[in-house]
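Enquirer: below is the sequence, then the predicted model.
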Amino acid sequence: SEYGFLGGRCNGGLHGVRLISCCSFSANRAFKSSFLCYSDQSVFPQLHNSNTLELMAMMRRILFGLKPATWKSRNQEIHILKWRNTLDLRPRPYLLMLQQRWLPRNIDKFNPLFIRIFSTKRKGIYKNPAVKQKQIKKEVEIKQRMTVSELAEAMDKDTDHVYEALLHTSMDTDALDDDFVLDEKWIKDIIKKSGMKFRWAKLTEEKVKENKDAVKRPPADPALLVSRSPVVTIMGHVDHGKTSLLDSLRKTQVAAMEAGGITQHIGAFLVHLSSGEKITFLDTPGHAAFSAMRARGADVTDVVILVVAADDGVMKQTVESIQHAKKSNVPIILAINKCDKPEADPENVKKELLAYDVICEEYGGDVQSINISAIKGDNLMALAEATVALSEVLELKADCTGPVEAIIIECRNDKGKGPVTTAIIQRGTLRKGCVLVAGKRWAKVRLMFDENNKTMNAAGPSTPVEIVGWKELPSAGDEILEVESEQRAREVLDWRSYVEAQEKIKQDLEVIETKQKEHLEAYKKERESYNSLNWRQRKSAMYRANKHLMANRPKEKREMDKFTLPIIIKGDVDGSVEAILNILDSYDVNEQCNLQVIHFGVGDISENDIVSAETFSGLVYGFNVNANKVIQQMATKKGIKIKLYNVIYQLIDDLKDELIAKLPQVLEENTIGEASVLAIFHVTVGKKEVPVAGCRVHKGQLQRNMKFMLIRDGHILWRGFLTSLKHLKNDVPVVKMGMECGLSLDNDIDINLGDEIICYEEKEVQQSISWDPGF
């Protein structure tokens, strides 16, 4: 049989009790007739007598005839749990069970009767509606200055959220990146627009870092100083014979092995003269690209030998070498080379140098001049003796004790040795096991080599030495200082990194403040144009003005401009890379094609270089380096060009060609013929009257299938094609110079006597880049 289950929670305080009220309605009045309480059989055993069961059946029949609307109108709630087939008649707590077969046979005595359950009123159902709780705003901990990424992290948002919050402000979002430092004003504005609130971070008193940098020692006690050999730098213009001179002094053939016949590295050599003296020579490049190398050579030298070709005279790099020597306050010895040539004129060289304040002894100055021939070896001993004599006058001495001080003149990555630096020792004695710092790099000396690749156990002042043992490659020109231990070396590097970071923050803040002032002024001027608009018009105008910013958020600006050339530079030594980058610094035509150096480094071309080039769709340039077969195959597969050169100006020429190839072609107009309008006729074609210009060709020829232009008083009034070209009464394709013709244009335009008709052709030609690298 079917059982209906009615139930609900008890509002009365007795556990498991149900209240049933039988109410009779009369004259729209309701009164309570009786209450029955039902619970477990154990509590009320009288529940199961026949009268009670009859009443329960009555309640069930009437109750289920009611509509839910009736229950709602009485502000009561009835829970119909479910119907199910069961023979389980046991009364249960919280549940009233009614059985269909217990329906009474006579129910007329209840008339009218309305039975309803006082099932439990839900807790709080009749209370006043709860007041909506105020939304709790998220707190963001801020500082006075925060970067975009720091603020996004504090807000638990991405950086795009910060950019969007700044779109309709005076902040220039185009100039933003993740490391951009935001002022307090913008930080508060972003948080407010994000529906958050801020709280200031607790101020923590930052301890002032102790300066742990390594510095040079104070001047040594004169009693400890000993004589040292001079460091001599050979300088001059390219191809004036500097390396040939050094070859003659060293009895070597370095010049013959140089790519392109020019020196492209700085070299350090210790030369033993026949008289027993030692001289450390530095050979510097003469090419215009290697200005930084020449400056570095002048900074570490005691004497400069200025080499000038007797047949060529003073050139651009000669003048630059003089300037480097004077800036470093280094004495000069003039070596006039190639005096064995018939066209040599040493006296003219001396006169030319007077204009640059290099006055030879013959003209009352203090500069020694020696006429030499590097290839034949003429007068080389006189040059060496002059160098030794000058060094004796200078009384060159150094301290051989204590921590080492040196200067790096070149560095490179060696496949077998790792990072290698060439240095000149200035103070102390370098030995294996010494711990050195240079810039933000450090080393524990493992091996030392001379210029002939022979191992050395010690290197004193004025000695050129190759040092092996660097953890990372330092930069040419860095100062080397010896420290007590590896831990001390790390302390020095940490301090130098800290100082560099503080200086960068300071510089960035200055740049930011300048940009913000400029942008704020522009923003104020822009806002002035909105003053006459109402708020709705102003919002609309601002939306239109900033719409492009919403579509191009900084994080989404990934598409490379088609007029951009990304490149990767790899060189054999640090100085070569420096020279190439110095040339690229002179690139000043980004409006034509944007040149981007995405990576540079020392060493052979690696797999990472190819991956980077593929990411940016760029090229890889190698200077005096190699790319093995695996790398070349990988580059070919990915469509990456690898360009290897051993002469610097050839590399730059190729780079210019690549830049030109990136430029779009332009239309060039070539004039074919010119004609003057002598008369005007009108010819009827169909129902239309067409003007015809009678012309005489006075230059070149007119070709019917080419383009034409109409010029009056120097202004172009029309461009297009001809609809007809006739000589006498015949249609002709060409009218040559001196002939007369009649022509009509493809557009209705007034033609006057004296107008010029120009016949021209358009050709697409490749643009040229206007960058001048200086050589």
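Expert: Yes, it's here.

Enquirer: tell me how far residue 280 lies from residue 523.
Expert: Taking C-beta to C-beta, to the nearest Å as the measure, residue 280 falls 61 Å from residue 523. The C-beta positions use only the backbone N, C-alpha and C, and glycine is treated the same way.

Enquirer: and residue 510, by the same measure?
Expert: Look at residue 510 and residue 523: by C-beta to C-beta, they are 20 Å apart.

Enquirer: and if you look at residue 577?
Expert: Computed as C-beta to C-beta, the residue 577 to residue 523 distance reads 42 Å.

Enquirer: quick one: which of the two has more around it?
Expert: residue 577 (20 against 15; other C-beta atoms under 10 Å).

Enquirer: give the buried residues for the strand or helix carrying the more buried one.
Expert: For residue 577, the element it lies in under DSSP states H and E is helix 574-585. By 16 or more other C-beta atoms under 10 Å, the buried positions in helix 574-585 come out as 574-580, 582-584.

Enquirer: which residue ranges form the strands in the stretch 401-550 of the chain?
Expert: Per DSSP state E, counting those that start in this stretch, the stretch 401-550 of the chain carries strands over the ranges 405-414, 418-427, 430-431, 435-438, 441-449, 458-459, 464-470, 479-483.

Enquirer: contacts only, for residue 580.
Expert: 289, 569, 571, 600, 621, 623, 648, 651-652 (C-beta atoms under 8 Å, 6 or more residues apart in numbering).

Enquirer: okay, those in CSV with neighbour count next?
Expert: Shown next, in CSV, are the contacts of residue 580 (neighbours: other C-beta atoms under 10 Å):
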residue, neighbour count
289, 23
569, 23
571, 26
600, 16
621, 25
623, 23
648, 26
651, 23
652, 20
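
Enquirer: tell me the one of these nearest residue 634?
Expert: Minimum distance to residue 634 across these is 16.9 Å, recorded for residue 621 (C-beta to C-beta).

Enquirer: parallel or antiparallel, list what pairs with the one helix or strand that closest one maps to.
Expert: Secondary-structure assignment from DSSP H and E places residue 621 in strand 619-623. Strand 619-623 has the following strand partners under DSSP bridges: strand 564-571 (parallel), strand 642-645 (parallel).

Enquirer: so how far is it from its chain's centroid?
Expert: Centroid displacement of strand 619-623 relative to its chain, using C-alpha atoms, centre = their mean, to the nearest Å, is 20 Å.

Enquirer: next, the angle helix 574-585 makes with that strand.
Expert: On the basis of axes from the mean of the first three to the mean of the last three C-alpha atoms, to 10 degrees, strand 619-623 is oriented at 130 degrees to helix 574-585.

Enquirer: and the following helix or strand past strand 619-623, which residues are buried?
Expert: Downstream of strand 619-623, the first helix or strand assigned by DSSP H and E is helix 629-638. By neighbour count on 16+ other C-beta under 10 Å, the buried set for helix 629-638 is 631-632, 634-635.

Enquirer: list the helices and strands helix 629-638 packs on?
Expert: helix 607-616, strand 642-645 (3 or more C-beta pairs under 8 Å, 6 or more residues apart in numbering; DSSP states H and E).

Enquirer: give me the contacts around the last one.
Expert: Yep, that's strand 642-645 we're talking about. By C-beta under 8 Å, 6+ apart, the list of residues contacting strand 642-645 reads 605, 619-627, 631-632, 635, 651, 654.

Enquirer: swap the cut-off to 6 Å and go again
Expert: 620-623, 627, 635, 651, 654 (C-beta atoms under 6 Å, 6 or more residues apart in numbering).

Enquirer: need the next SSE after it, C-terminal direction.
Expert: Strand 642-645 is succeeded, C-terminally, by helix 648-662 (DSSP H and E).

Enquirer: could you tell me the angle between that next one and strand 564-571?
Expert: Using the same axes, to 10 degrees: helix 648-662 against strand 564-571 is 160 degrees.

Enquirer: for helix 648-662, packing partners?
Expert: For helix 648-662, not one helix or strand is in contact under the criterion 3 or more C-beta pairs under 6 Å, 6 or more residues apart in numbering; DSSP states H and E.

Enquirer: so what strands line up beside the next helix-or-strand element following it?
Expert: On the C-terminal side of helix 648-662, the closest following helix or strand by DSSP H and E is strand 666-685. Here strand 666-685 is paired, per DSSP bridges, with strand 688-703 (antiparallel), strand 756-765 (antiparallel).

Enquirer: neighbouring contacts of the first one?
Expert: Contacts to strand 688-703, defined as C-beta under 6 Å, 6+ apart, come from residues 672-679, 681-683, 734-737, 739-744, 751, 757, 759.

Enquirer: in it, what's buried?
Expert: For strand 688-703, a neighbour-count test (16+ other C-beta under 10 Å) marks 692-695, 697, 700-703 as buried.

Enquirer: for the stretch 51-200 of the chain, which spans come out with low pLDDT?
Expert: 51-135, 168, 170, 172, 174-175 (pLDDT under 70).

Enquirer: try 80
Expert: Within the stretch 51-200 of the chain, the set of residues satisfying pLDDT under 80 comprises 51-137, 144-145, 167-181, 183.

Enquirer: returning to that earlier point: export the strands paired with strand 619-623 as CSV, with columns for mean pLDDT and distance to residue 411.
Expert: Output for the strands paired with strand 619-623, formatted as CSV (pLDDT from 0 to 100; distance: least, C-beta to C-beta, whole Å):
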stretch, mean pLDDT, distance to residue 411
strand 564-571, 90, 11
strand 642-645, 92, 21
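
Enquirer: quickly compare those strands and say which is most buried.
Expert: Compared across the strands paired with strand 619-623, strand 564-571 shows the largest average neighbour count, a mean of 22 (mean count of other C-beta atoms under 10 Å).

Enquirer: for it, C-alpha coordinates in PDB please.
Expert: Extracted in PDB, the C-alpha atoms of strand 564-571 (Å, rounded to 0.1, in the frame of the first residue of the first chain):
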ATOM      1  CA  THR A 564      63.400  45.600 -37.900                       C
ATOM      2  CA  LEU A 565      66.700  43.600 -38.200                       C
ATOM      3  CA  PRO A 566      67.600  41.600 -35.100                       C
ATOM      4  CA  ILE A 567      71.200  40.400 -35.000                       C
ATOM      5  CA  ILE A 568      73.500  38.400 -32.700                       C
ATOM      6  CA  ILE A 569      77.200  39.300 -32.500                       C
ATOM      7  CA  LYS A 570      79.800  36.700 -31.500                       C
ATOM      8  CA  GLY A 571      83.500  37.600 -31.500                       C
END
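
Enquirer: returning to that earlier point: which one, of the strands paired with strand 666-685, ends up nearest to residue 160?
Expert: The closest of those to residue 160 is strand 756-765. By C-beta to C-beta, the value is 41.9 Å.

Enquirer: next, the buried residues of the closest one.
Expert: Neighbour counts over strand 756-765 (16+ other C-beta under 10 Å) mark 756-760 as buried.

Enquirer: list the contacts of that strand.
Expert: Under C-beta under 6 Å, 6+ apart, the answer for strand 756-765 is 665, 667-675, 695, 702-703, 706-709, 711.

Enquirer: can you select the buried ones from those in PyMOL?
Expert: The following PyMOL line selects those of those that are buried, judged by 16+ other C-beta under 10 Å:
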select buried, resi 672+673+674+675+695+702+703+706+707+708+709
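
Enquirer: what about residue 246, which SS state?
Expert: When classified by DSSP: H, G, I helix; E, B strand; the rest coil, residue 246 comes out as helix.

Enquirer: can you tell me how far the residue lying closest to it once chain neighbours are set aside sits from residue 235?
Expert: Nearest residue to residue 246, sequence neighbours excluded (C-beta to C-beta, 6 or more residues apart in numbering): residue 283, at 5.2 Å. Noted for residue 283: a distance of 9 Å to residue 235, by C-beta to C-beta.

Enquirer: swap in residue 412?
Expert: 22 Å.

Enquirer: quick one: which of these two has more around it?
Expert: Counting neighbours by other C-beta under 10 Å for residue 412 and for residue 235 shows that residue 235 has the greater number, 28 against 22.

Enquirer: assumed the more buried one was part of a helix.
Expert: No - assessed with three-state DSSP, residue 235 is strand; it does not lie in a helix.

Enquirer: which pLDDT value goes with it?
Expert: At residue 235 the predicted local confidence, pLDDT, stands at 83.
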